[in-house]
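Asks: test case, fold it:
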Amino acid sequence: PHREDNSGTDGCSIPTYAVPLTNLATGFAKLATGEGLAAERAAAARRLFAACMAEPFYVAGTGRADTAMMEAGQGRVFVKVGAEGVYCGAVPELGLGFAIKIDDGAGRGAEAAVAALLAWLLRADEALAARYVGMAAVTMKNWNGIEVGQVRGLPLS
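Replies: Numbers count the residues shown, from 1 in each chain. Sure thing, here's the model as predicted:
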């Protein structure tokens with residue numbers, strides 16, 4: 001239930017509630033497909049989804065992984081970062097949604113994991129999968145521009 005004892009305030013200053021990852025994934029699948037929704041809600045979901053696909057920049061903004069992944073997918077992928085290492089998304093053509101949580105709460109690990117997941121889910125489109133593979137590995141540099149490590153989303157098999 002939505003109670004104060006399982007809620008907090010997110011980075012956008014709105015109240016948020018603890019939600020199981022399964023429920024988030026199901027919600028994103030319903031948003032992307034309209035399946036399991038009443039006609040009026042399905043129409044609203046289609047409208048929201050179409051707006052996000054038409055203008056992915058407005059989902060996240062400049063320099064954000066959400067924007068880059070959605071732009072790469074060209075209307076085939078919806079992703080949205082959440083708080084503390086949560087990342088959700090949907091691939092409508094596959095009829096699925098997904099939600100992940102990175103235990104340490106870091107966004108960079110979640111971004112790499114989602115890019116690797118998208119590469120695997122869309123592996124039949126080799127060119128698109130290769131773009132996501134490229135997004136799944138980020139070289140880390142220190143303040144002097146020296147490479148100090150890499151964050152990698154592991155390839156799925």
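
Asks: contacting residues for the residue nearest to Arg64 when sequence neighbours are not counted?
Replies: Using CB to CB, 6 or more residues apart in numbering and skipping residues adjacent in sequence, the residue nearest Arg64 is Val81, 7.5 Å away. No exception for glycine: its C-beta is placed from N, CA and C like everyone else's. Counting by CB atoms under 8 Å, 6 or more residues apart in numbering, Val81 touches 60, 64-66, 87, 107, 110-111.

Asks: quick check: bridge partners of Val81?
Replies: Residues in a beta bridge with Val81, per DSSP bridges, are Tyr87.

Asks: all helices for the protein, in order.
Replies: 21-33, 39-54, 57-60, 65-73, 107-121, 126-135 (DSSP state H).

Asks: can you put the ones you listed in CSV and add distance to Asn6 and mean neighbour count?
Replies: Conversion of the helices of the chain to CSV gives the following (distance: least, CB to CB, whole Å; neighbours: other CB atoms under 10 Å):
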stretch, distance to Asn6, mean neighbour count
helix 21-33, 13, 18
helix 39-54, 25, 14
helix 57-60, 26, 14
helix 65-73, 26, 20
helix 107-121, 21, 22
helix 126-135, 33, 16
